[in-house]
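> Okay, sequence plus prediction incoming.
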2 protein chains.
Amino acid sequence: MPDAAPKKPSRIQKRNRHLILDAALDVFSAHGYRGATLDQIAEAAGLSKPNILYYFGGKEDIHVTLLNQLMETWLDPLIEMNGEGDPMTELLGYVQRKLDMSRELPRESRLFAGEILQGAPRMNPHLVADLKPLFDEKCAVIQGWMDAGKLASIDPRHLLFSIWSTTQHYADFEAQIVVLLSGEAPYDTASDMLDRMFRNLLRPEPA
Amino acid sequence: MPDAAPKKPSRIQKRNRHLILDAALDVFSAHGYRGATLDQIAEAAGLSKPNILYYFGGKEDIHVTLLNQLMETWLDPLIEMNGEGDPMTELLGYVQRKLDMSRELPRESRLFAGEILQGAPRMNPHLVADLKPLFDEKCAVIQGWMDAGKLASIDPRHLLFSIWSTTQHYADFEAQIVVLLSGEAPYDTASDMLDRMFRNLLRPEPA
DNA sequence: TCGTGTATTTACCAAATGGTCAAAAGTTCT
DNA sequence: AGAACTTTTGACCATTTGGTAAATACACGA
C-alpha cells in the first residue's frame, strides 16, 4: 500500500468531522463561501477554531468536502429515473423527488446555488466529470421516449433545466417566497402545480 | 427647504458615480456582497479606493444603491403586463420579456439572486414595500382572467414563481448551463420551449 | 495504572480589508 | 489671474480573518 496509511477514524473523529460539516453547511449556505468565517463555523459546531483546523486542512478544504458530498446527493434523483419505466410516470416522479429535495435539503440546495452563481469556481471539475455525462445519458433516454411517441417532443436539455429551476426555486428563493406568500407553506400547492405543468407539457399530441 | 440642499451633481460626479456602480455591479454579482472588496471595485472602476469613498458612504452604501436601482428594473416587465389585453398574449409576452432580461442583464439577475439566496438581508424592506403589492395586484388580474374562463385555472402565485425561476435560471446558473450545453447559445431554444410550456399550461380546457 | 498517541486549548501572527484624514491637484467662475 | 470650490491622492489605522506553534488535557490499550 503505497498510499499514506489512512487508518480508521476514531469515534471522536467521526463525530467531530460530522459536527463540523453540519455547522459549515449552515454557515456556508447562509453566507456564501467568502461570507462564512471559520469562527462562525467553530461557534456553530461548538468547537474552537484551532480544533477545527485539526480536522480539516482549512476553510477551502471544508467547503470542497461539502461540495463533494453534495454532488452525490444531488445526482441521485436523476439517476433513479429509469429508462425502462413508463416515461410520463418516470419524469413526473423525478419532478416530485426534486421538489422533495428542496423541501428537505434547502441548505444543500442553497450551497449548490451559491457555488454555481459565482461561476462554480470550486465545482467546475465536478460538473464536467460527473454531471455532464449523466446529463447526456438521461437526455438520450428522454429523447428516446419522445422518438417513440410516448412524450411530446421537447428539447430534453431545456426540459431538465426547467425541472431544476422550478423545483430548486422553492429552496433558493425562500426568503422571497416567505414574503410573497405571507409565510404560507408553499410545497403542497407547488407539488400540484408542477405536476400539472409538466404533464401538460409532455402529453403527446393525439395523432 | 429644510432638507440638506441636494445641489445638482456635476458632470464629473455623474460620470464617476456611474463608473463606480457599473464596476460594483460586476464585482458584487461575481463574488457576492462579502466576497467583493472595495479594492476590486476601485480597480474595476479605474479609481482609487479613497476616491470611491468620496462618492459613496461605504461598501454597504454602494450595494444598497445598486439594489434600489435594480428593484425598479426588476418590476418593470411585470408592471407592463396589461390587465386589459389578451390574457394568453400578455402572459406569454411577460415570459419573453423576463427571458430577455436574463439575456441582457445577467449581472443584475445574479446580484438579485445572491441577495435573496442569503435571506435578502438588505432587500427585505423592498420586497415587502414594492414587490409584494405588485405581486398581489397581478395575481388578482390573473385570477380574474382564469375566473372568466380565458385561461386554465392555476394558482397564480405559483404560476409567477415558475415564470421567474425558469427564465432567471439561464442567467443565474449560467456556469452550469455553459458546461452542459458545451457553450452552445441557450436562449433561442429556451424561448421556444418556454413559450410552449406556458401555452400548454394555460390553455383553457375545452368545456 | 501508566505510557502513548489523540484531542484541545491558549497565545499568537501576517495579510487583507473597510475606512479616515489632511494635503495636493484640478476645475470653475469672476 | 486668482479665489473658492471640487476632486484625487498617499499615508495611515483598527479590525477581522485564516492560519500556526507549542503546551496541555484526555482517551485507551497493555
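Yes, it's here.
> any idea how far the residue in chain A positioned nearest to DNA strand D is from A:I41?
DNA strand D sits closest to A:G58 of chain A, with a gap of 3.0 Å, by CB to the nearest atom of the strand. Backbone N, C-alpha and C define where each C-beta goes, glycine included. Distance of A:G58 to A:I41, given as CB to CB, to the nearest Å: 11 Å.
> Looking at those two, which one has more neighbours?
A:I41 (24 against 11; other CB atoms under 10 Å in any protein chain shown).
> What residues of the strand or helix carrying that one count as buried?
A:I41 is part of helix A:38-45, with elements assigned from DSSP states H and E. For helix A:38-45, the neighbour count (16 or more other CB atoms under 10 Å in any protein chain shown) marks A:L38, A:Q40, A:I41, A:A42, A:A44, A:A45 as buried.
> And for stretch A:81-98?
Buried, per 16+ other CB under 10 Å, within stretch A:81-98: A:M81, A:P87, A:M88, A:E90, A:L91, A:L92, A:G93, A:Y94, A:V95, A:Q96, A:K98.
> could you say what helices and strands the helix or strand following the helix holding A:I41 packs with?
Once helix A:38-45 ends, the next helix or strand along the chain (criterion: DSSP H and E) is helix A:49-55. Contact here means 3 or more CB pairs under 8 Å, 6 or more residues apart in numbering or on different chains; DSSP states H and E; on that basis helix A:49-55 packs against helix A:11-35, helix A:38-45.
> where along chain A do the helices fall?
A:11-35, A:38-45, A:49-55, A:59-80, A:87-104, A:106-117, A:124-126, A:132-147, A:156-172, A:174-180, A:187-202 (DSSP state H).
> what sits up against the third one?
Right, helix A:49-55. Helix A:49-55 has contacts (CB atoms under 8 Å, 6 or more residues apart in numbering or on different chains) with A:Q13, A:N16, A:R17, A:I20, A:L38, A:D39, A:I41, A:A42, A:A45, A:I62.
> The last one against A:F56, yeah?
Yes: the pair A:I62 / A:F56 is scored as a contact, 4.8 Å apart, by CB atoms under 8 Å.
> Report the set of residues contacting both of these two.
A:I20.
> can you redo the helices of chain A as a markdown table with distance to B:D155?
Below are the helices of chain A laid out as a markdown table (distance: least, CB to CB, whole Å):
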| stretch | distance to B:D155 |
| --- | --- |
| helix A:11-35 | 28 |
| helix A:38-45 | 37 |
| helix A:49-55 | 45 |
| helix A:59-80 | 24 |
| helix A:87-104 | 15 |
| helix A:106-117 | 21 |
| helix A:124-126 | 36 |
| helix A:132-147 | 27 |
| helix A:156-172 | 13 |
| helix A:174-180 | 12 |
| helix A:187-202 | 5 |
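> want to try CSV for those, with mean pLDDT as columns?
Below are the helices of chain A laid out as CSV (pLDDT from 0 to 100):
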stretch, mean pLDDT
helix A:11-35, 95
helix A:38-45, 97
helix A:49-55, 97
helix A:59-80, 96
helix A:87-104, 98
helix A:106-117, 98
helix A:124-126, 95
helix A:132-147, 98
helix A:156-172, 98
helix A:174-180, 98
helix A:187-202, 97
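> Could you export those as TSV, including distance to DNA strand C?
Formatted as TSV, the helices of chain A follow (distance: least, CB to the nearest atom of the strand, whole Å):
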stretch	distance to DNA strand C
helix A:11-35	4
helix A:38-45	9
helix A:49-55	3
helix A:59-80	13
helix A:87-104	29
helix A:106-117	18
helix A:124-126	21
helix A:132-147	32
helix A:156-172	24
helix A:174-180	23
helix A:187-202	37
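> So for chain A, which residue is the most central one in space?
A:W74 (3.9 Å; CA atoms, centre = their mean).
> How much space separates the closest residue to A:C139 other than its chain neighbours from chain B?
Closest residue in space to A:C139, ignoring its immediate chain neighbours: A:P156 at 4.2 Å, by CB to CB, 6 or more residues apart in numbering or on different chains. Look at A:P156 and chain B: by CB to the nearest CB, to the nearest Å, they are 10 Å apart.
> Might one say that A:P156 is in contact with A:I142?
Yes: with contact defined as CB under 8 Å, A:P156 counts as touching A:I142 (3.9 Å).
> follow-up on the earlier one: quick one, which of the helices and strands packed on helix A:49-55 gets closest to B:D188.
Closest to B:D188 of these is helix A:11-35 (CB to CB; 32.2 Å).
> That closest one: which residues count as buried?
Under the neighbour-count criterion of 16+ other CB under 10 Å, helix A:11-35 has A:16-17, A:19-21, A:23-35 buried.
> now check that helix, is it near chain B?
Yes: applying CB under 8 Å from any CB of the partner chain, one finds helix A:11-35 touching chain B at A:A30, A:H31, A:G32, A:Y33, A:R34, A:G35.
> Which pair in these has the greatest spatial separation?
Farthest-apart pair in those is A:A30 and A:R34; separation 12.6 Å (CB to CB).
> before we move on, the earlier item: what's in contact with the helix holding A:I41?
With contacts defined as CB under 8 Å, 6+ apart, helix A:38-45 is touched by A:16, A:19-20, A:22-24, A:26-27, A:31, A:48-49, A:51-53, A:59, A:62.
> so that helix versus helix A:59-80, what angle?
Here the directions of helix A:38-45 and helix A:59-80 differ by 60 degrees (axes from the mean of the first three to the mean of the last three CA atoms, to 10 degrees).
> how much does helix A:38-45 deviate in direction from helix A:11-35?
Using the same axes, to 10 degrees: helix A:38-45 against helix A:11-35 is 140 degrees.
> Helix A:38-45 vs DNA strand D: in contact?
Yes: using CB under 7 Å from any atom of the strand, we find that helix A:38-45 touches DNA strand D at A:L38, A:D39.
> re earlier: compare the helices of chain A and report which one is nearest to B:I116.
Of all the helices of chain A, helix A:174-180 comes closest under CB to CB, at 5.1 Å.
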